[in-house]
Structure formats: C-alpha cells, structure tokens
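Engineer: Next come a sequence and a model predicted from it.
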Amino acid sequence: MRDLERRSGVGRETIRYYIGLGLLPEPARPKPNVADYSEEHVTRLAAIKRLQDERYLPLSFIKTLLDRPSHGEMEPIPGFEALLGPRLGFAPGGPPVPLAEAATAAGLEVAEIETLIEGGVLFAVETREGRALAPLDLAVARAWGRVRAAGYTPETGFFAQDAHIYAEVLTPMVRREVERFYTRVTGGRTAEEAAALAQAGVEDVNALIMARRRRCIRRLVAELGGPAQSA
C-alpha cells in the first residue's frame, strides 16, 4: 500500500474507497494481512485522477469508462471521420484554391489572407503552384470577407489581426470538446452511433454558443452604458 500511495499520489483511505466502489480491483492476498497491488492499480489510479481533474466527471461515470475496453483513454473510432464528414459538411469538396483566387472569391487582398493564415484563422496547404486554401478554409475566408463588406474595415478601425481572437478562443475550446467526446464515447458506441451523436452535438452546441454569445453581448453593452434593459 505504501508503494502504491507513493507511485500514484493517492492516499490509502481514498484507495480503499475506490476499491469499495469497484473503481479498482481487489488486491491479490497471498496470505492473511498481506495485499499485493499490481501495475493495473497504478494505471487505473492515474486514469481516475486524470478524468477527475480534466473532465470533472462523477466517480460513477468514471467507473463506466474504466470498465470499457478503452479504459477511459482516447482511442480512434474506425470509420468515424468518414461518416462524420458528410454530416457536418467537411467531406472533400473540391481541390484547393490558390491564394490569389481565394482572395478574389472572398473579396479580400492576398496580404489579408496571409495575415489570417499567420494567426491560425486559416490553414494553407502546399500545392505545386504554391500555397492554397482547402474548401473549408475558403468558406472561412468568405465569411471574413462578408464581415469586411458589412463595414468592419481598416478605415473604421478593424484589421485582419482582429480575427485572430477567434482562433485563440476556438482552438482550445474545440480541442477540449473533441477530447471529451473521444474520452466518453470511445469503446461505448459504434462509428455510426458516434457520428450521429457528434452531429447532433455540433449543431445544438452551435445554437447554445450563439444564444450565449448574444446574451453576453447584451449584458456587456448594458455595462458599458447602453440603454437599460430588463434581465
């Protein structure tokens, strides 16, 4: 027990509690008053700590994850990406578009496209003719072009660098979402079931984010001296 406490960083009372809940297997008992703990105990304790610290999961669900073949770890879901892509519209949609053509299609300058790439808003691919944008990135560029056309221009004090905040905020948020999805779904669903669940989650959470963003804007505008609004 002392060695297990040292290696896991978990106290013996907590270890005994986890054994009682079924989160950890009973130790081998070669003779009375002797308990031998294995590497499985060390591994499972590390997984429990990670899931608690990173995912804020209750112990009852952590046990469910640990009992799956993946043991609560992120693992690939064979066939998942191929099924999810068409559902979310990021299946292959044509060849990459050279930056000059992409800029024209989006109503932007090539230099602005380059700035968006530098900030992680867009991702370029290398082709024989040079750098280009894949269809999904071209859609992002077009969206930024519409922002520009609405009046958010350098003349009014808005620059391409302003779009970088979306990469800074969205990239870590989406990484956490995807890691959480893989941790909780891997080993528990088929690829078809996972794709259906992911599609529903993306669409519904997009609506949630939009509603929450509008609520934040309303509250912050009121704080900054906008017209008084009821809650």
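Structural biologist: Structure received. Numbers count the residues shown, from 1 in each chain.
Engineer: Show me what the helix ranked longest in the chain is packed against.
Structural biologist: For the chain, the longest helix by residue count, based on DSSP state H, is helix 191-223. Based on contacts counted as 3 or more Cβ pairs under 8 Å, 6 or more residues apart in numbering; DSSP states H and E, the elements that helix 191-223 packs against are helix 80-88, helix 164-185. C-beta here means a position set from N, CA and C on the backbone, and glycine is covered the same way.
Engineer: In it, which residues are buried?
Structural biologist: By 16 or more other Cβ atoms under 10 Å, the buried positions in helix 191-223 come out as Ala191, Ala194, Ala195, Ala198, Val202.
Engineer: so can I have TSV of those residues showing pLDDT?
Structural biologist: Formatted as TSV, the buried residues of helix 191-223 follow (pLDDT from 0 to 100):
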residue	pLDDT
Ala191	91
Ala194	92
Ala195	93
Ala198	94
Val202	93
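Engineer: out of those residues, who's nearest Thr183?
Structural biologist: Distances from Thr183 to the buried residues of helix 191-223, taken as Cβ to Cβ, are shortest for Ala194 (12.4 Å).
Engineer: From Phe123, how far out is Ala163?
Structural biologist: 14 Å (Cβ to Cβ, to the nearest Å).
Engineer: which of those two has more neighbours?
Structural biologist: Ala163 (21 against 13; other Cβ atoms under 10 Å).
Engineer: what's the distance between stretch 194-208 and the middle of its chain?
Structural biologist: Centroid displacement of stretch 194-208 relative to its chain, using Cα atoms, centre = their mean, to the nearest Å, is 13 Å.
Engineer: related to what we said a few turns ago, out of the helices and strands packed on helix 191-223, flag the one nearest Val10.
Structural biologist: helix 164-185 (20.0 Å).
Engineer: What is the closest one packed up against?
Structural biologist: helix 39-55, helix 191-223.
Engineer: Dump it to PDB, keeping only the CA atoms.
Structural biologist: Once non-C-alpha atoms are left out, helix 164-185 reads as follows in PDB (Å, rounded to 0.1, in the frame of the first residue of the first chain):
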ATOM      1  CA  HIS A 164      -7.100  36.100 -34.600                       C
ATOM      2  CA  ILE A 165      -9.100  36.200 -31.300                       C
ATOM      3  CA  TYR A 166     -11.400  33.500 -32.800                       C
ATOM      4  CA  ALA A 167      -8.500  31.100 -33.400                       C
ATOM      5  CA  GLU A 168      -7.200  31.900 -29.900                       C
ATOM      6  CA  VAL A 169     -10.500  31.100 -28.300                       C
ATOM      7  CA  LEU A 170     -12.000  28.400 -30.500                       C
ATOM      8  CA  THR A 171      -9.000  26.200 -31.000                       C
ATOM      9  CA  PRO A 172      -8.500  25.300 -27.300                       C
ATOM     10  CA  MET A 173     -12.300  25.100 -26.700                       C
ATOM     11  CA  VAL A 174     -12.800  22.700 -29.600                       C
ATOM     12  CA  ARG A 175      -9.800  20.600 -28.600                       C
ATOM     13  CA  ARG A 176     -11.400  20.100 -25.200                       C
ATOM     14  CA  GLU A 177     -14.700  19.300 -26.800                       C
ATOM     15  CA  VAL A 178     -13.200  16.700 -29.100                       C
ATOM     16  CA  GLU A 179     -11.000  15.200 -26.300                       C
ATOM     17  CA  ARG A 180     -14.100  15.000 -24.100                       C
ATOM     18  CA  PHE A 181     -16.100  13.300 -26.800                       C
ATOM     19  CA  TYR A 182     -13.500  10.700 -27.500                       C
ATOM     20  CA  THR A 183     -12.900  10.000 -23.800                       C
ATOM     21  CA  ARG A 184     -16.600   9.500 -23.100                       C
ATOM     22  CA  VAL A 185     -17.700   7.800 -26.300                       C
END
